[in-house]
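Okay, predicted coordinates and the sequence, questions at the end:
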Amino acid sequence: MKEEVPPSVLVVDDIEANLELMEAVFQREGYTVRIALEADTALEICSRYSVDIAILDVMMPGISGFELCRRLKSQTTKYFFPVILLTALNDKKSRITGLECGADDFISKPFDVLELLTKVRSLLKLKELHEQLDHSENVIFSLVVAMEAADYYTKGHSTRVGALAKEFGSFLGFPEKELGILKKAGILHDIGKIGFSDNILRKPATLTTEEMNIIRRHPVIGENICRPLTSMQSVLPAIRSHHERWDGTGYPDALSGDDIPLIARILGILDSYDAMVSVRPYRDKKTMELVRSIIENEQYAGQWDPELTGFFLQMISSDSFAGVGVG
Ligand SMILES: [Fe+2]
């Protein structure tokens, strides 16, 4: 059986008596406690040891608790690292600054032991939930990679579309949060193909009507796979609608124009682009020049949002284009 690892708490305060008091409180709870009298030592501790939560005094000589909070949060953007700030009682201004620095909660000084423990326990629970969520997402991402790895022709397609979606979103000036959603949507858009037979997915010849009807179910299957996860809600429209067409002849809902969610209109272009620049069983990959001219010719033909397609052409023609997807 896996051994239970006690939570690790970092306490930073320039007053030694406060550190000793909190150390005693957390040790009594069975936690691993690490203490620091100032910010540099705290940063050193975080770089050397695994720390689950930090409690920082705001008023410290040198780097303040606010700045330390900001630095710790910027080092831990890929996962949830809870920080509690110790502020003077009813110090509203400090709390606003603390929130701006990313603090998750506050404790007034002199602190109440029960309140401190309750807040720490609740943030640790939240951290655990975040980790479970990350785990569930990672399982789904791994499924996509595994699905594509088995096929020489589509290997890396979803990862490339994810990277390209992020790059295109950035080109369009989307905020950081939206870029994360675009990337996730790109990676997951074809997850609904997961149960399909290789005979269909890798068929070197044109698909029969029956086979085509099976393939056309993948957006809805993909949406159903991801729907139970709260963190996937933002990408469901992309998964369901990435095969809709601007002229209304796509599937599964025959949506047209602006009725197609923006994220799905974006993915529709990128999905086709990556297919064009990749080798497929039925043809070699096309040169960039040819790909650009095909997209130009198709810009108003009814498959894609013409305005977005124009922006996409601008991006792939620019010198700064990273060329994700060209492989
Ligand atoms: Fe698809």
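Thanks, I have the structure now.

What values do phi and psi take at residue 87?
Torsion angles at residue 87 (phi, psi; degrees, to the nearest 10) stand at phi -120, psi 170.

Numbering from 7 from now on, please.
All right, first residue 7 from here; so that's residue 93.

That one: how many residues sit nearby?
By other C-beta atoms under 10 Å, 24 other residues sit near residue 93. From N, CA and C alone the C-beta is placed, and that goes for glycine too.

so which strand or helix has the nearest residue to it once chain neighbours are set aside?
Nearest non-adjacent residue to residue 93, counting by C-beta to C-beta, 6 or more residues apart in numbering: residue 100, 4.4 Å away. Using DSSP states H and E, residue 100 sits in helix 98-106.

neighbouring contacts of stretch 297-305?
Here stretch 297-305 makes contact (C-beta atoms under 8 Å, 6 or more residues apart in numbering) with 275, 279, 282-283, 292, 310, 312, 315-316, 318-319, 322-323.

And those residues, which is the shakiest by pLDDT?
Minimum pLDDT across these is recorded for residue 292, with 72.

Next SSE downstream of the helix holding residue 100?
Counting by DSSP H and E, what follows helix 98-106 is strand 111-115.

can you give me the offset of stretch 71-82 from its chain's centre?
The chain centre lies 21 Å from the centre of stretch 71-82; the measure is C-alpha atoms, centre = their mean, to the nearest Å.

go on, stretch 160-176?
13 Å.

quick one, helices of the protein?
Applying DSSP state H to the chain gives helices spanning 22-34, 45-54, 71-81, 98-106, 119-155, 163-177, 182-194, 204-207, 215-221, 224-232, 242-247, 268-283, 294-304, 312-323.

any chance of those helices in TSV, with distance to residue 254 too?
Listed next are the helices of the chain as TSV, based on distance: least, C-beta to C-beta, whole Å:
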stretch	distance to residue 254
helix 22-34	62
helix 45-54	54
helix 71-81	46
helix 98-106	46
helix 119-155	29
helix 163-177	23
helix 182-194	22
helix 204-207	26
helix 215-221	18
helix 224-232	16
helix 242-247	12
helix 268-283	13
helix 294-304	16
helix 312-323	14
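
mean pLDDT lowest for which of these?
Among those, helix 204-207 scores lowest, with a mean of 77.

in stretch 183-202, what's buried?
Across stretch 183-202, burial judged by 16 or more other C-beta atoms under 10 Å covers 184-185, 187-199, 202.

err, stretch 250-261, not the other one
For stretch 250-261, burial by neighbour count (16+ other C-beta under 10 Å) applies to 250-252, 256-257, 261.

got those residues as TSV, with distance to residue 26 columns?
Below are these laid out as TSV (distance: C-beta to C-beta, whole Å):
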residue	distance to residue 26
250	63
251	68
252	67
256	67
257	67
261	64
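
For these, work out which two are farthest apart.
Greatest spatial distance in the buried residues of stretch 250-261: 252 and 257, 13.5 Å, computed using C-beta to C-beta.

Quick check: the residue nearest to the spatial centre of the chain vs residue 292, distance?
Closest residue to the average C-alpha location of the chain: residue 186 at 4.6 Å, with C-alpha atoms, centre = their mean. Using C-beta to C-beta, to the nearest Å, we find residue 186 at a distance of 30 Å from residue 292.

Likewise for residue 145?
35 Å.

Looking at the two now, which is surrounded by more residues?
Set residue 145 next to residue 292 and count neighbours by other C-beta under 10 Å: residue 292 wins out with 17 against 10.

hang on, isn't the more buried one packed against residue 283?
Yes. If you go by C-beta atoms under 8 Å, residue 292 and residue 283 touch, sitting 6.6 Å apart.

Please name the residues that touch the residue nearest to the centre of the chain.
Residues near residue 186 by C-beta under 8 Å, 6+ apart: residue 172.

Distance of it relative to residue 179?
Distance, residue 186 to residue 179, using C-beta to C-beta: 15 Å.

cool, and residue 74?
32 Å.

Next: residue 82.
27 Å.

the more surrounded of the two?
A count of neighbours by other C-beta under 10 Å puts residue 82 above the other of residue 82 and residue 179, at 16 against 7.

Just the pLDDT for the more buried one.
Reading off the model, residue 82 has pLDDT 80.

and what of residue 42?
Value for residue 42, per-residue pLDDT: 96.

I figured it hits residue 48, correct?
Yes. The criterion here is C-beta under 8 Å, and residue 42 meets it with residue 48 at 4.0 Å.

which neighbours do those two share?
Common neighbours of residue 42 and residue 48 (C-beta under 8 Å, 6+ apart) are 16, 18.

Between those two, which has more neighbouring residues?
Legend: neighbour count by other C-beta under 10 Å for residue 42 and residue 48, higher for residue 48 (25 against 22).

Against residue 81, how distant is that one?
From residue 48 across to residue 81, the span is 11 Å (C-beta to C-beta).
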